[in-house]
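Novice: What follows is a predicted protein model with its sequence.
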Amino acid sequence: MQQQEQKPLTPEQQAELQQQEIQWQRECFQNAQKHLAEKGIMPKTLLEKESRFLAPLCALWKFKAQNGKSYWVITGRLPTDHAEASAAKDARDAMRYFSLQWQLKADQIITAGARDKTQADFANLLINRAHGLYEMHENEQLWAKEPA
């Protein structure tokens with residue numbers, strides 16, 4: 001079987017991909033703000049230099065809130081969640097933090113005896129996404145551009 005050679009993207013294809021990524025980031029940003037607001041936390045400032053985007057999988061946002069505290073928010077193809085910034089020193093550490101928290105939450109759901117299919121499905125989703133987050137946390141290539 002002959003291996004097909006990958007062709008470079010045309011400028012039009014590159015522009016379309018860039019637009020899709022911008023749209024994805026915008027949606028994730030809006031979801032992050034909405035999540036905090038639903039939890040009674042009013043975001044004031046985005047700390048963009050500390051935020052990370054791994055499109056189209058997940059985005060880690062760091063916000064300073066009106067209450068003076070800072071928060072990590074994770075959005076994307078996974079449950080949206082948040083934690084106080086003191087839980088993690090940087091985006092990579094925040095990814096590991098959410099991975100471990102989700103494993104604990106899933107364990108609590110299972111231990112309590114998932115009463116219905118929805119709870120069991122959510123526990124399985126948390127486990128699946130927690131493993132994916134941990135794999136991304138461990139992937140040195142994803143973090144090679146991180147400032148030292």
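Specialist: Yep, it's here.
Novice: Would you state the strands of the chain in chain order?
Specialist: Here the chain has its strands, by DSSP state E, at 43-46, 52-54, 58-65, 70-76, 81-84.
Novice: Quickly compare those strands and say which is most buried.
Specialist: The highest average neighbour count among the strands of the chain, using mean count of other C-beta atoms under 10 Å, belongs to strand 70-76 at a mean of 24. Bear in mind the C-beta positions are built from the backbone N, C-alpha and C, glycine included.
Novice: which neighbours does it have in its sheet, and in what orientation?
Specialist: Sheet pairing for strand 70-76, assigned by DSSP bridges, gives strand 58-65 (antiparallel), strand 81-84 (antiparallel).
Novice: mind saving the C-alpha coords of the shortest one as PDB?
Specialist: Right, strand 81-84. Output of strand 81-84 as PDB, limited to C-alpha atoms (Å, rounded to 0.1, in the frame of the first residue of the first chain):
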ATOM      1  CA  ASP A  81     -14.700  23.300  35.900                       C
ATOM      2  CA  HIS A  82     -12.800  25.900  38.000                       C
ATOM      3  CA  ALA A  83     -10.400  26.100  40.900                       C
ATOM      4  CA  GLU A  84      -8.800  28.800  42.900                       C
END
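Novice: Centre of the chain to that strand, how far?
Specialist: 11 Å (C-alpha atoms, centre = their mean, to the nearest Å).
Novice: Over to the first one?
Specialist: Using C-alpha atoms, centre = their mean, we find the averaged C-alpha position of strand 58-65 to lie 9 Å away from the chain's own average C-alpha position.
Novice: now swap in stretch 63-74 and tell me
Specialist: Centroid displacement of stretch 63-74 relative to its chain, using C-alpha atoms, centre = their mean, is 15 Å.
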